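Q: For reference, the sequence and a predicted model appear below.
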Amino acid sequence: MSRRRCKQQLVKFLQHLHRLLTGTLSTDNEDEEQDGTVVRRRRPEDLERLHRQSRFSKRELQFLYRSFKSGCPSGIVTEETFKTIYSQFFPGGDVTKYAHYLFSAFDTDQNGTVSFEELIRGMSVLLRGSAEEKLYWTFNLYDLNRDGQITREEMLDVLKAIYDLMGKNVPTGLKEEIPRLHLEAFFQKMDRNHDGVVTAEEFIETCQKDENILRSMGLFENTV
């Protein structure tokens, strides 16, 4: 998986999520009319903090918040929403596992929902973060139990989930073989001390030194 292709896939997902939740909304002001009465929308109290923590301007955050609340009045996004959106990208595949892993990567407090703040922080990294920040976010996507290391079992689960997305595009006889081949290539490159796990440091440093290493893993190759 090249960094560029991974970025394109995740950004495409986020952009589609944003469109699905929002439609088209004006960013001119915070007022709107309801039944002939002008109602002022309440802005998030921590807008200033989000501005400092993200790479979005205050104006962008205001627009995103209006959009988010319009599509999600409850103020949260559920895993089912992720599954619904991703199924539109891969109608012939099984999106259940991969959507779950992606949702968990956004759900940083692991409470079963994704808040506006969590969505913004994730989007900030993926859309405007440094190369190291994006790689660290990707590492967390593979680190399923959030213990700071990727095991063979975790990587194999993610690889299988990716091939499930592709559905009929992957021959049945290869759905088990290809992920395992990619798994071996991943660990051969990444597990530099040969202890059976890949740490964030190993993952990021190896990727930064070899721009072709992610492509050799084959992730997302047919999912964009």
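A: It's in.
Q: Doesn't residue 59 belong to a helix?
A: Yes. Per DSSP: H, G, I helix; E, B strand; the rest coil, residue 59 lies within a helix segment.
Q: Any idea how many residues pack against it?
A: 10 (other Cβ atoms under 10 Å). The C-beta positions use only the backbone N, C-alpha and C, and glycine is treated the same way.
Q: next one: residue 154
A: Under the criterion other Cβ under 10 Å, the count of neighbours that residue 154 has is 18.
Q: and if you look at residue 105?
A: 22.
Q: Spatially nearest residue to it (excluding sequence neighbours)?
A: residue 141 (4.4 Å; Cβ to Cβ, 6 or more residues apart in numbering).
Q: and the one you found, what does it touch?
A: Contacts for residue 141 were tallied using Cβ atoms under 8 Å, 6 or more residues apart in numbering; they are 101-102, 105, 158.
Q: Only whichever of those residues are buried, select them in ChimeraX.
A: Of those, the buried ones can be selected in ChimeraX as follows, counting by 16 or more other Cβ atoms under 10 Å:
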select :101,102,105,158
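Q: Now the residue nearest to residue 105: which helix or strand?
A: Secondary structure assignment for residue 141, by DSSP states H and E: helix 131-142.
Q: Output the contacting helices and strands for whichever helix or strand comes after that helix.
A: Using DSSP H and E, the helix or strand that follows helix 131-142 in sequence is strand 149-151. Applying 3 or more Cβ pairs under 8 Å, 6 or more residues apart in numbering; DSSP states H and E, we find strand 149-151 packed against strand 197-199.
Q: Partner strands of the strand it packs on, with direction?
A: Strand 197-199 has its sheet partners listed here by DSSP bridges as strand 149-151 (antiparallel).
Q: Pull out the buried residues from the following helix or strand past the strand it pairs with.
A: Per DSSP H and E, the first helix or strand lying C-terminal to strand 149-151 is helix 152-166. Within helix 152-166, the residues that count as buried by 16+ other Cβ under 10 Å are 152, 154-166.
Q: Then stretch 52-69?
A: 54, 56, 61-69.
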